[in-house]
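Chemist: I'd like to go over a predicted model; first the sequence, then the structure.
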Amino acid sequence: MESLQTLVRNLAIILLLASFLEMLLPNKSMKGFVKLVMGLFVISAILTPLTTLLGMTVESAIPAWTESSAQDLAVLAPGEVGEAISTNAVQEQYKAIVVSQIKALTVGMEGIKELQVNVDLAEGSSGLTNIPRIDQIMIHLDAEERGVQPIEDIVIDLNEPKPAQEQVLSATALEIRDKVALFMQMPREQIIITEG
């Protein structure tokens with residue numbers, strides 16, 4: 001009830017101010033401008049109680065108004081130290097972007113419980129203006145347990161060592177590898193997928 005009273009009071013003040021300004025302005029072209037600005041104030045006065053009613057904050061709704069945290073980077077670092085700090089920051093940001101893009105590629109795929117992605121950059125691909133080169137992408141896939149699990153080989157003779165078998169990837173893992181290879185424009189051999 002109090003928010004409704006505040007809304008009515010704010011609207012009344014804005015409309016009184018708008019009509020007062022219109023009377024003071026001698027020029028008709030300026031009256032249109034005053035109406036536009038006052039209309040924006042009216043919209044703002046109406047939206048403010050609605051956002052509090054819905055539990056939204058202005059910062060979450062408008063990206064330009066989000067709070068920014070302090071940077072850990074030195075503003076004026078001497079010579080090579082400053083360049084190394086900047087290069088590391090660019091590379092870490094690039095890795096974070098690639099990881100989030102790869103995770104976004106798997107949204108909506110069935111059978112994925114959790115996806116962990118690690119990106120290794122190639123040596124010598126540093127620089128502030130150069131795009132870092134990716135050496136390899138390691139993806140660990142935790143699949144949802146469904147159906148019957150395959151039976152492991154039974155070894156009868158314990159003296160004979162079990163032959164090393166290559167890991168057979170599931171259809172989901174192969175699809176993820178193909179999507180990432182196509183999206184990142186890199187060979188499939190550089191994308192290592194493990195399942196657990």
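Modeler: Okay, I see it.

Chemist: Bridge partners for Glu114, pull those for me.
Modeler: Following DSSP bridges, Glu114 is listed with bridge partners Asp142.

Chemist: I'd assumed Ile139 was in contact with it.
Modeler: No - between Glu114 and Ile139 there is no contact under CB atoms under 8 Å: 11.0 Å. From N, CA and C alone the C-beta is placed, and that goes for glycine too.

Chemist: And the two? Which one has more around it.
Modeler: For Glu114 against Ile139, the residue with the higher neighbour count under other CB atoms under 10 Å is Ile139, and the figures read 22 against 10.

Chemist: Just the pLDDT at the more buried one, thanks.
Modeler: In the predicted model, Ile139 carries a pLDDT score of 88.

Chemist: what does Ile46 give?
Modeler: Residue-level confidence at Ile46 comes out at 82, pLDDT.

Chemist: Contact partners for it?
Modeler: Residues touching Ile46, when contacts are defined by CB atoms under 8 Å, 6 or more residues apart in numbering, comprise 7, 11.

Chemist: so it sits in a helix?
Modeler: Yes - counting by DSSP: H, G, I helix; E, B strand; the rest coil, one finds Ile46 located in a helix.

Chemist: I'd like the distance between it and Arg177.
Modeler: For Ile46, the distance to Arg177 equals 51 Å [CB to CB, to the nearest Å].

Chemist: Show me the helices in the protein, by range?
Modeler: Taking DSSP state H as the test, the helices found in the chain are 2-24, 28-54, 58-61, 79-105, 171-184.

Chemist: now the angle from the second one to helix 2-24?
Modeler: With axes from the mean of the first three to the mean of the last three CA atoms, to 10 degrees as the criterion, the two stretches helix 28-54 and helix 2-24 enclose an angle of 170 degrees.

Chemist: Please identify the buried residues of helix 28-54?
Modeler: Judged by neighbour count (16 or more other CB atoms under 10 Å), helix 28-54 contains these buried residues: 34, 38, 41, 45.

Chemist: Hmm, Ile14 and the third one touching each other?
Modeler: Yes - taking CB under 8 Å as the definition, Phe41 is a contact partner of Ile14 at 4.9 Å.

Chemist: Find the residue at the geometric middle of this structure.
Modeler: For the chain, the residue sitting closest to the mean C-alpha position, by CA atoms, centre = their mean, is Ser100 at 6.1 Å.
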